[in-house]
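[1] Structure for this input, please:
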Amino acid sequence: TPSFSSCEPEVSTHQPHPPSDLDQSLASITKFDHIHLGQLGRDCQDDILETFLSEYRQRRQRAGNEPLPLSSEEAVPGEGEEEAEEEEGGLFPIPELPSGSELVLNVLSTWGDRYYLGLSGVEVFTGQGERARVEEISADPVDINVLPQYSGDPRVVGNLVDGVNRTRDDTHMWLAPFTPGHNHLVRLRFSEEVTIAMIRIWNYNKSRIHSSRGAREVELYLDGKLIFAGEVARASGGLQGGAEAFGETILFTTDEDILLAVAEHDDTFQGEVSCRHGDEEVEAEPQRPSTADSGRGNREEFGCERPFTSARLPTQHSAGTSRLTGQVLSVVLAATWGDPQYLGLTGVEVVDASGQSLPLSPQHIEVVTSDLAEAGGNCEGADRVVDGVNVTTDDQHMWLATLTPGTQHTLTLTLDTPTALSALRVWNYNKSAENTYRGVKIIHVFLDGTEISPGGGFLLRRAPGNVHYNFAQLLLFQLSSSETADQAGNQPAPDTLPRGFVYQLQLHSTWGDPYYIGLNGLECYDASGTLIPLTEDNIAAFPDSVNVLPGVKGDVRTPDKLVDGSCDSDDGQHMWLAPLLPGIVNSVYVVFDKPQIVGAVKLWNYPKTPSRGVKEFTLLVDDLLVHSGTMPPVPSHARGILPTLHPPIDPHVISFGGQDFAGPGKLSSSSVDVQLTNDHQTLTARQQPQRAVASEDQRPLTSLTVSSTRQRRWW
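    Sure thing, here's the model as predicted:
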C-alpha cells in the first residue's frame, strides 16, 4: 500500500498572483458570467450505475484504514475488503488528540454539483488551543486553472488559510473541477508536529444555490492515518448564524480545559451572533405524479460539457463612487414617508471597500437627538438595527422613535478602527403595509464630519410591508454634490413615463394550468430605449419558485433565470416557474436602489408548457397601478419539430410612450379589457381575472434538474 511519504502528488504549492495578473484574470473571465447562469450542476442520483461504482470504489479505498494515495487517480484495490464491508454503516471512531505534521483532506462528493468542488477555509487548533501554523498548502486538482478554459482564476487553494472564512466573496475561496468517483485532495503541512484538538471545515458559501458545490463526504488523514470519515454540513449561502451554518466543526477531545483554550483563540466562537431563526416546517402534501426535464441544455455550443464559472469582484464601486476611510459614521434621519409621529428602521449594515459587511454590535451604535433632554427616550431599542434579523415583519427586531417638532435624530456608528468604506445597506421599517410610512425617507450620511451623501441626501425606498423579497437598499458613498435626493440617478424624461423603486408584476391567471405559472424572460428599457442592466439582485418573486413545495429541491427554474439573457430560449434551465397557491397572487418584483424611469417592458411567456404561461396580469410601480392586460401564450409551433430547431419567441411589449418598440408583441388596443355603458346601464361587462379552482391533493409534481442524460425530453 502506498504511503503519503512515498507517493508525491503532482500538485503545485500556492503562489499568489501579482495584483496586475489578478486584475487581468478577473477581467478575462467576467465574460463568462451570463453563460454559467442556469448551468449549475445538479443532483446526479439518476445515474444509478455511476453512483454504485462510486460508492464501491470508496469502500475499497477505506478498507482497513489503509493510507490514501496522494493522487486524484483511482486507488488500486487492496486487501481488507471484507473488513470494510463489515464496518459499512457503523460510526467511525474519532481518535483522541491525534498528532502529526501533515493533514490531508479528501473530498469524495459534493452537495449536488457534478462539475465543481469548493471550500471557503480550513482551521486547525492544537491541544494548546492555538491555531496550527500551516507551512505549506497544496491540492490535487490544484484549482480550476487546470481546465483549458481558465487562466489566473483567483479561487486558489491558498485562500483556504487566508483567515477570511465567514464570507460570500469567492475570491477568498478555493474551487476545483470535480470528477465523481475520484479523490480530491487538500494537503496542509505544518511547521512542526502538532496535536490536533479541533478542525473546522468552512464549506463553499458563495450563495445559497452555489453552496451545492461544497464538500459533502470527506475523509481526513493525519500522517497517513485516517482520523475522520463523515459528512460535512452544507453552507447556508448567507452571512448570519453560527459556525454550524457554514460547515462542520470536528472535535478530537472532550477535555474542558483544552476546549476553553481553543475558545479563547477561536474568533468564530468569540464573535458568534446568537440571533438565529429557522425556516418554518411545511406540511407534506399527498404523493403526486412527477414530471421532469432531464435535458442538459445547449452546452455543446460552448465546446465543453462542464459549465463555465467565474469569480467576480464587487461591482458596486462604479464610476463616481469613492472608497472613503473613517471611523465614525453619522446618519441623520431627515424625514419619514409621511407619518408625523413616529420614525423607524429595521436594519443597517456598513459595507467595506471589499464589499463585505462589517460586524456590528450594540456597543457600536448610538442614537442622539438634537434635544439632548429627550435622548434617553429615543435611544431605547436602537441596538435592534444591528441584531442581524432584517427581512422580517416582527417589530421586536425594529427600532421606533417618537417624533417631536424641531427634533432631529442621528444614528451614530463608531467602528473599532478607521476603515475603508464604500456603502451603507439599509432595511426600512417593515412592520406592516400601513406602518411602512413610519420608515425613513431621506438621510444624510457623514464620515468623520464630512458628508458623503448627495447634497439633498439619500432617498430611501419604502419597505414593502411583507417579506416577499429581501428589501435591502444599497447606498453607495460619494462626495457631496448639489444633486438632490429626488434627482439622484435619474435623467430627464416625459412625465407620462413611470418612475419608481419597485416594479411589481401581479400574475392573476394562466392559459389553463391550475397548478403552476411561469415566465421565460423580462427586460426593461429606459426613456431612450436603452436596455436597463438587471442582475439577480434586482429580481425576486413570490412564491419564489417550485422549490417552495415540499418534496421539490434543486429545481433550476428560479427568478434569476428571468434576467440571465436567454429570454427566447426553449431550454427549461432559463425559465422561471412557481406554484399557484390558494389565496396568494403570484408576483414578480424588479427592485432598484434608486428611482428608475422605465419607457418599456418586454415579457417572454413560458414556452415549455404553454398552458402554464401568464394570461392576465397587472403592473404596479411603487404600489400604483400603471398597466393591466393579457399576455398571449407561446404558440405550439414556436418550439419547432426538433428541440434544437425553433423560431424565436416573440416578446409581449408594454410601451409607456417612450422609445417606439415595434414587433408582434407590442401593446395594442386589442389587449385592453373595455367596459361599455349607456345611461348608467352596463352593455359589456369588464371581465375580472379568474383562476381555475384546483385541488391541492391532485397537484402534479414538477422538477427540472441537470442530469447526465444527453437526450432532452418534453412534458
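[2] And residue 360, how close does it get to residue 475?
    16 Å (C-beta to C-beta, to the nearest Å). For the C-beta atoms, the positions are set from N, CA and C on the backbone; glycine is no exception.
[3] where do the helices sit along this structure?
    Per DSSP state H, the chain carries helices over the ranges 19-29, 33-36, 48-61, 81-87, 256-265, 267-270, 375-379.
[4] What residues sit buried inside the fifth one?
    Neighbour-count burial for helix 256-265, counted by 16 or more other C-beta atoms under 10 Å, picks out 258, 259, 261, 262.
[5] higher neighbour count, residue 360 and residue 475?
    Between residue 360 and residue 475, residue 475 has the larger neighbour count (other C-beta atoms under 10 Å), namely 23 against 20.
[6] For that one, give me its contacts.
    Each residue near residue 475 by C-beta atoms under 8 Å, 6 or more residues apart in numbering is listed here: 423, 424, 425, 426, 445, 453, 458, 593.
[7] any idea how far it is from residue 414?
    Relative to residue 414, residue 475 is positioned 19 Å away (C-beta to C-beta).
[8] Most widely separated two among the buried residues of helix 256-265?
    With distances taken as C-beta to C-beta, the most widely separated pair in the buried residues of helix 256-265 is 259 and 261, at 7.3 Å.
[9] any chance of the contacts of residue 475 in a markdown table, plus neighbour count, pLDDT and distance to residue 627?
    Output for the contacts of residue 475, formatted as a markdown table (neighbours: other C-beta atoms under 10 Å; pLDDT from 0 to 100; distance: C-beta to C-beta, whole Å):
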| residue | neighbour count | pLDDT | distance to residue 627 |
| --- | --- | --- | --- |
| 423 | 25 | 91 | 33 |
| 424 | 22 | 93 | 33 |
| 425 | 17 | 94 | 31 |
| 426 | 26 | 95 | 29 |
| 445 | 23 | 93 | 36 |
| 453 | 26 | 89 | 34 |
| 458 | 25 | 93 | 29 |
| 593 | 23 | 93 | 23 |
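[10] thought residue 654 was touching residue 601?
    Yes: the pair residue 654 / residue 601 is scored as a contact, 4.5 Å apart, by C-beta atoms under 8 Å.
[11] Mind listing the shared neighbours of those two?
    Counting by C-beta under 8 Å, 6+ apart, the common neighbours of residue 654 and residue 601 are residue 619.
[12] And for residue 414, the neighbour number?
    By the measure other C-beta under 10 Å, the count of residues near residue 414 is 13.
[13] How confident was the prediction at it?
    Model confidence at residue 414, given as pLDDT, is 92.
[14] partners of it in the sheet?
    Applying DSSP bridges to residue 414 gives these bridge partners: residue 328.
[15] Touching, it and residue 328? I think so.
    Yes: Residue 414 lies in contact with residue 328 (C-beta under 8 Å); the separation is 5.3 Å.
[16] for the residue lying closest to residue 386 once chain neighbours are set aside, phi and psi?
    Of all residues not flanking residue 386 in the chain, residue 360 sits nearest, at 4.1 Å (C-beta to C-beta, 6 or more residues apart in numbering). For residue 360, the backbone dihedrals (degrees, to the nearest 10) come out as phi -130, psi 150.
[17] residues in contact with residue 360?
    Counting by C-beta under 8 Å, 6+ apart, residue 360 makes contact with 348, 349, 350, 386, 413.
[18] how close does it get to residue 346?
    Distance, residue 360 to residue 346, by C-beta to C-beta: 14 Å.
[19] What's the local residue count around residue 533?
    Neighbour count for residue 533, taken as other C-beta under 10 Å: 8.
[20] That one and residue 599: what is the separation?
    Applying C-beta to C-beta, the value for residue 533 to residue 599 is 15 Å.
[21] got it, and residue 155?
    Separation of residue 155 from residue 599 (C-beta to C-beta) stands at 40 Å.
[22] cool, and residue 405?
    42 Å.
[23] So which of these two has more stuff around it?
    Counting neighbours by other C-beta under 10 Å for residue 405 and for residue 599 shows that residue 599 has the greater number, 25 against 5.
[24] could you dump stretch 507-520 to PDB, C-alpha only?
    Extracted as PDB, the C-alpha positions of stretch 507-520 are listed here (Å, rounded to 0.1, in the frame of the first residue of the first chain):
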ATOM      1  CA  LEU A 507     -49.900  37.400 -12.300                       C
ATOM      2  CA  HIS A 508     -53.600  36.700 -12.000                       C
ATOM      3  CA  SER A 509     -54.200  33.700 -14.300                       C
ATOM      4  CA  THR A 510     -52.600  31.100 -16.700                       C
ATOM      5  CA  TRP A 511     -53.700  29.700 -20.000                       C
ATOM      6  CA  GLY A 512     -55.300  26.700 -18.400                       C
ATOM      7  CA  ASP A 513     -52.900  25.100 -15.900                       C
ATOM      8  CA  PRO A 514     -54.400  25.400 -12.300                       C
ATOM      9  CA  TYR A 515     -51.200  24.500 -10.500                       C
ATOM     10  CA  TYR A 516     -48.200  26.300 -12.000                       C
ATOM     11  CA  ILE A 517     -47.400  29.700 -13.600                       C
ATOM     12  CA  GLY A 518     -44.200  30.700 -15.400                       C
ATOM     13  CA  LEU A 519     -42.300  33.200 -17.500                       C
ATOM     14  CA  ASN A 520     -39.300  32.900 -19.800                       C
END
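[25] Now do the buried residues in that stretch.
    Quick answer for stretch 507-520 (16+ other C-beta under 10 Å): 507-511, 513-520.
[26] Show the low-confidence segments of the chain, by residue range.
    Where the chain drops to pLDDT under 70, the residues are 1-92, 270-323, 370-380, 479-494, 637-647, 658-675, 680, 682-699, 701-715.
[27] Spell out the residue ranges of the strands in the stretch 201-350 of the chain.
    Counting by DSSP state E, counting those that start in this stretch, the segments of the stretch 201-350 of the chain that form strands are 217-222, 225-231, 247-251, 290-293, 324-336, 342-352.
[28] got the ones you listed as JSON lines, with distance to residue 191 and mean neighbour count columns?
    Output for those, formatted as JSON lines (distance: least, C-beta to C-beta, whole Å; neighbours: other C-beta atoms under 10 Å):
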{"stretch": "strand 217-222", "distance to residue 191": "15", "mean neighbour count": "21"}
{"stretch": "strand 225-231", "distance to residue 191": "20", "mean neighbour count": "17"}
{"stretch": "strand 247-251", "distance to residue 191": "22", "mean neighbour count": "20"}
{"stretch": "strand 290-293", "distance to residue 191": "52", "mean neighbour count": "16"}
{"stretch": "strand 324-336", "distance to residue 191": "35", "mean neighbour count": "18"}
{"stretch": "strand 342-352", "distance to residue 191": "31", "mean neighbour count": "22"}
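[29] Out of those strands, which is closest to residue 540?
    Using C-beta to C-beta, the nearest of the strands of the stretch 201-350 of the chain to residue 540 is strand 342-352, at 17.0 Å.
[30] okay, the angle between that closest one and strand 324-336?
    Following axes from the mean of the first three to the mean of the last three C-alpha atoms, to 10 degrees, one obtains 160 degrees for the angle between strand 342-352 and strand 324-336.
[31] what's strand 342-352 packed up against?
    The contact analysis (3 or more C-beta pairs under 8 Å, 6 or more residues apart in numbering; DSSP states H and E) places strand 342-352 against strand 324-336, strand 399-402, strand 409-428, strand 440-447.
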